[in-house]
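Chemist: Next come a sequence and a model predicted from it.
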Amino acid sequence: MAAPNEEEGAEGRRCHHRSAAMLDVPFLPFCAFLGTLGLLCVAMVGTWCQHWRGGFSLDGSSRTFNWHPVLMVTGLVVLYGAAALVYRIPNTWSGPKLPWKVLHGSLALGAFILTVLGLAAVFCFHNSQGTPNMYSLHSWMGLGTVLLFSCQWAAGFGAFLLPWAPAWLRALYKPIHVFFGSTILLLSVASCASGINEKLFFSLKNGTTAYKLLPAEAVFANTLGLLILIFGVLVVAALARPSWKRPDSDSPDSRQVRDALGGFGKPDWEAAPSAQPRGWGRIEAHPCIPQPLLSSER
Ligand code: HEM
């Protein structure tokens, strides 16, 4: 196959830029959309439990179970997703970081509290009905997700909020924290999907409302599952988008790692901004420095 000539190459690049520009949604409207979608998921899971599953109570019956899906979707999907996106808000990019860290940690703590209450509801329901605990794939995956989330919260608190954590540890742990942040959200979405599926199989089994006949409840709950999935994927996509990341290559943490790894002093372009293109290549080529610490996101 013939290699593309220069003109074709330039045209290809132009198309690429054009399509990239078309996808260039501003962050805040995207966030408003995500917020609406999150609220819709919470409203739908509440409506499902209220309208088709008998509502809510604290008496150990199936109405106690109903708190479980509502609290899990609200905590481990919607509130957790909001916590994950805090550092994508452009206002967080300048000025003191501490208030945003506190907001991020508090939203995550709120998500954690709702999650614990949601688990308490289902364990209480199982125990009062004499149903065994932890037998299903859903319960194993769900509990695994919650344990991972607990470790993530504790490690994040220790590394980023306690003042005596060394800056090099923060900078080294940060990419791990970011990776597990997205992973936990996707695991939560998978837990919700398996939980919804399981609940529909348990509940819709008599002749008139069999799941395979696709009654209104099944359409509603399947739709809820898809909306939760879309919410999770959109949050992960927003987290991964380079232009929405905080340009923190110059934070004290990052500088300390840069110095520790390469012995680099102040980069050339900081001393003389006109030297930027030449100084750039030298550091970008260093394999040990994570990309976000480099200048492409400055
Ligand atoms: C992140 C979200 C979720 C997590 C982490 C999670 C976790 C768990 C755990 C650990 C159990 C076991 C409780 C026990 O054995 O006593 C459980 C049970 C259950 N969950 Fe969830 N859950 C989530 C979301 C949902 C949702 C949205 C539904 C939808 C109705 C649901 C439906 C169920 C059902 C029917 C059970 C009882 C049967 C079983 O143990 O598998 N879950 N969940």
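Modeler: Cool, got the structure. Numbers count the residues shown, from 1 in each chain.

Chemist: can you list the weak-confidence ranges in the stretch 151-298 of the chain?
Modeler: Low-confidence segments of the stretch 151-298 of the chain, defined by pLDDT under 70: 206-208, 248-298.

Chemist: Flag every residue of it that's near the ligand.
Modeler: Contact residues (C-beta under 6 Å from any ligand atom) of the stretch 151-298 of the chain with the ligand: 188, 191-192, 195-196, 198-199, 202. Bear in mind the C-beta positions are built from the backbone N, C-alpha and C, glycine included.

Chemist: Spatially, what comes nearest to residue 177 if we skip its sequence neighbours?
Modeler: Leaving aside its chain neighbours, residue 177 sits nearest to residue 156 (5.6 Å; criterion: C-beta to C-beta, 6 or more residues apart in numbering).

Chemist: okay but that neighbour is in contact with residue 108, surely?
Modeler: Yes: applying C-beta atoms under 8 Å as the test, residue 156 and residue 108 come out as touching, 7.3 Å apart.

Chemist: more neighbours, these two?
Modeler: Using other C-beta atoms under 10 Å as the criterion, residue 156 and residue 108 rank with residue 108 on top: 23 against 19.

Chemist: residue contacts, that one?
Modeler: Counting by C-beta atoms under 8 Å, 6 or more residues apart in numbering, residue 108 touches 80, 83, 153, 156.

Chemist: Can you report phi and psi for it?
Modeler: phi -70, psi -40 (degrees, to the nearest 10).

Chemist: what about the residue in the stretch 151-298 of the chain that the ligand sits nearest to, helix or strand, and which?
Modeler: Relative to the ligand, the nearest point of the stretch 151-298 of the chain is residue 195 (2.3 Å; C-beta to the nearest ligand atom). Using DSSP states H and E, residue 195 sits in helix 167-203.

Chemist: okay, now residue 132: neighbour count?
Modeler: 9.

Chemist: Name the SS class of it, please.
Modeler: coil (DSSP: H, G, I helix; E, B strand; the rest coil).

Chemist: Over to residue 164?
Modeler: Following three-state DSSP, the label given to residue 164 is coil.

Chemist: just checking, what packs against the helix holding residue 195?
Modeler: If you count contacts as 3 or more C-beta pairs under 8 Å, 6 or more residues apart in numbering; DSSP states H and E, helix 167-203 packs onto helix 67-72, helix 80-85, helix 137-156, helix 216-240, helix 252-262.

Chemist: the inter-axis angle of the third one versus helix 167-203?
Modeler: If I follow you right, that is helix 137-156. Put simply, helix 137-156 runs at 160 degrees to helix 167-203, going by axes from the mean of the first three to the mean of the last three C-alpha atoms, to 10 degrees.
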